[in-house]
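Sequence first, predicted model second:
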Amino acid sequence: MTTTTQQSISTLLAASEVKATAVRNLQNQEIGHVDELLIQLDSGSVRFAVLSVGGFLGIGSTRVAVPWHAFQITQQRDGKLRMVLDATKERLEHAPRIEGKNYERLYAAETAEPIFVYWEIDYVD
């Protein structure tokens with residue numbers, strides 16, 4: 001077993017560094033890639049990451065929204081970003097799906113709160 005030293009990210013992170021980053025689960029299995037980051041304009045904070053899961057090279061994949069705070073994000077010694085989500089492939093199959101690019105609907109509490117509940121993250125309006 002190889003051990004990689006990791007450190008917490010304490011600096012600013014460019015969205016371009018996050019997009020297309022592979023997301024792994026706690027068992028170190030690759031479960032998807034970051035497709036989009038959704039930022040709340042009023043607070044400037046990232047609210048959701050939209051993951052592309054399943055499929056092959058983006059074909060046949062589905063997209064799911066995951067609250068930003070559900071991820072464990074670290075930067076490895078080589079500078080590469082590591083994103084971990086406590087999710088099995090089965091849990092991702094049942095996760096709330098995102099169709100199209102009409103992300104504005106995810107701002108409303110009645111749409112956003114069930115996503116937070118699904119991922120067991122405290123909903124903050």
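Good, I have the coordinates.

Every contact and neighbour count from this point should use C-alpha atoms.
Noted.

phi, psi of Phe71?
Taking degrees, to the nearest 10, you get phi -90, psi 150 for the backbone angles of Phe71.

residues in contact with it?
Residues near Phe71 by CA atoms under 8 Å, 6 or more residues apart in numbering: Met83, Val84, Leu85, Asp86.

Reformat the residues you listed into a markdown table and put distance to Asn28, neighbour count and pLDDT next to each item.
Shown next, in a markdown table, are the contacts of Phe71 (distance: CA to CA, whole Å; neighbours: other CA atoms under 10 Å; pLDDT from 0 to 100):
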| residue | distance to Asn28 | neighbour count | pLDDT |
| --- | --- | --- | --- |
| Met83 | 10 | 20 | 95 |
| Val84 | 8 | 20 | 97 |
| Leu85 | 10 | 21 | 96 |
| Asp86 | 10 | 13 | 95 |
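
Give me the residue at the spatial middle of this protein.
Per CA atoms, centre = their mean, the C-alpha nearest to the average position across the chain is that of Ala49, at 4.0 Å.

and which of the contacts of Phe71 is nearest to Gly100?
Here the nearest of these to Gly100, counting by CA to CA, is Leu85; it sits at 23.1 Å.

pretty sure the closest one is touching Trp68, no?
No - contact criterion CA atoms under 8 Å: Leu85 and Trp68 do not qualify, at 10.0 Å.

Can you work out which residues contact both of those two?
Common neighbours of Leu85 and Trp68, counting by CA under 8 Å, 6+ apart, are absent.

How far does the longest helix anywhere in the chain sit from its chain's centre?
The residue-count maximum for a helix in the chain (DSSP state H) belongs to helix 109-118. Distance of helix 109-118 from the chain centroid (CA atoms, centre = their mean, to the nearest Å) equals 15 Å.

and what of stretch 17-27?
With CA atoms, centre = their mean, you get 8 Å for stretch 17-27.
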